[in-house]
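Undergrad: Show me how the following folds:
(one chain, ligands or ions: 1)
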Amino acid sequence: MTDWLFDPAPTPSLPIHGRVERFPVRRILCVGQNYAAHAKEMGHERAEPFFFTKPADAVVDGADPVFPLATSNLHHEVELVCAIGAEGAIAGWAVGCDLTRRDLQAAAKEKGRPWDAAKGFDQSAPCGPITLGALPDPAAPIALSVNGEARQSGRLDDMVWNPAEILAKARTLWDVRPGDLIFTGTPEGVGPLQPGDRVEASIGGLQPLAFTVTPR
Ligand code: MN
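TA: Just a heads-up that it's a prediction; the model follows:
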């Protein structure tokens, strides 16, 4: 029995559709610029996908995230999330939102500095329930609306790298382990969120994601 100086933080987790067990989140990897049209709207003609990370406790399960500190340009990015299961392979899927402090990201890009403050902030990874098994439809629509107005709309097969290729690439960089989540990039149409905005996101037959941005 370890004698802790203080109580360790609880394990971040997500619900699993149709199951009582929860999915314990170990780490969050994210892919950048994995849809050609989004890479283009961000000013990258044909960038190779690359990874950044969010801390595990950035995950938001069913709660309404608070509008973050230190930004006046919070952006939504709807993404297919791969959940790594006990065997170290993709065991399930979810709809996630890679919340981004776009103003801090632009400043970091300009100076060649890390993206941590732009991407890995508190409550930056709202995520819907995980659906275990194979992806229901690898060509499913992926969409996000704000206050009922369509903002992002694409198809999973618009991805530059598919989930199997992303996992293979991730394994060349990390020891990918059970509990890891991989956000696989966003289609075009990213845009700003204001306090009070209602966000609804869906991917084919997966459990949808919905949240309201809570005023600070
Ligand atoms: Mn993203």
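Undergrad: tell me the helices in the chain, going along the chain?
TA: 36-41, 102-111, 116-119, 163-171 (DSSP state H).
Undergrad: for the chain, which spans come out with low pLDDT?
TA: Scanning the chain for pLDDT under 70 picks out 45-47.
Undergrad: do that again at 80, thanks
TA: The chain contains residues with pLDDT under 80 at 38-49.
Undergrad: Residue numbers of it in contact with the ion?
TA: Neighbours of the ion within the chain, by Cβ under 5 Å from the ion: 77, 98, 186. C-betas here are computed from N, CA, C, even on glycine.
Undergrad: Hmm, A140 is touching G205, no?
TA: Yes: in this structure, A140 is within contact of G205 by Cβ atoms under 8 Å, at 7.0 Å.
Undergrad: So the two - more neighbours on which side?
TA: A140 (19 against 11; other Cβ atoms under 10 Å).
Undergrad: How about the residue in the chain that the ion sits nearest to: what's its closest non-neighbour residue?
TA: Scanning the chain for the residue nearest the ion gives D98, at 3.5 Å (criterion: Cβ to the ion). In space, and not counting its chain neighbours, D98 is closest to E77: 4.0 Å by Cβ to Cβ, 6 or more residues apart in numbering.
Undergrad: Please report how far the one you found lies from V66.
TA: Note on E77: its distance to V66, by Cβ to Cβ, to the nearest Å, is 18 Å.
Undergrad: Same question for R22.
TA: Distance from R22 to V66, by Cβ to Cβ: 23 Å.
Undergrad: Between E77 and V66, which is the more surrounded one?
TA: Comparing E77 with V66 by neighbour count (other Cβ under 10 Å), the higher total belongs to E77, at 24 against 14.
Undergrad: who's in contact with the more buried one?
TA: Residues in contact with E77 (Cβ atoms under 8 Å, 6 or more residues apart in numbering) are 97-100, 152, 186, 190.
Undergrad: again, but for A63
TA: Taking Cβ under 8 Å, 6+ apart as the contact definition, A63 lies against 123, 211.
Undergrad: Make 382 the first number, not 1, from now on.
TA: Will do, 382 is the new start, and the previous item becomes A444.
Undergrad: if we can go back for a sec, mean neighbour count for the helices of the chain - can I get that in CSV?
TA: CSV is the format used below for these (neighbours: other Cβ atoms under 10 Å):
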stretch, mean neighbour count
helix 417-422, 16
helix 483-492, 14
helix 497-500, 20
helix 544-552, 16
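Undergrad: out of the ones you listed, nearest to T383?
TA: helix 497-500 (28.8 Å; Cβ to Cβ).
Undergrad: so what does that closest one touch, helix or strand wise?
TA: strand 431-435, strand 481-482, helix 483-492 (3 or more Cβ pairs under 8 Å, 6 or more residues apart in numbering; DSSP states H and E).
Undergrad: Tell me which of these sits nearest to A420.
TA: strand 431-435 (10.9 Å).
Undergrad: still on that earlier bit, and which of the contacts of E458 is nearest to K435?
TA: For those, the nearest to K435 is D479 (7.9 Å; Cβ to Cβ).
Undergrad: isn't the closest one right up against L461?
TA: No: applying Cβ under 8 Å as the test, D479 and L461 come out as separate, 10.9 Å apart.
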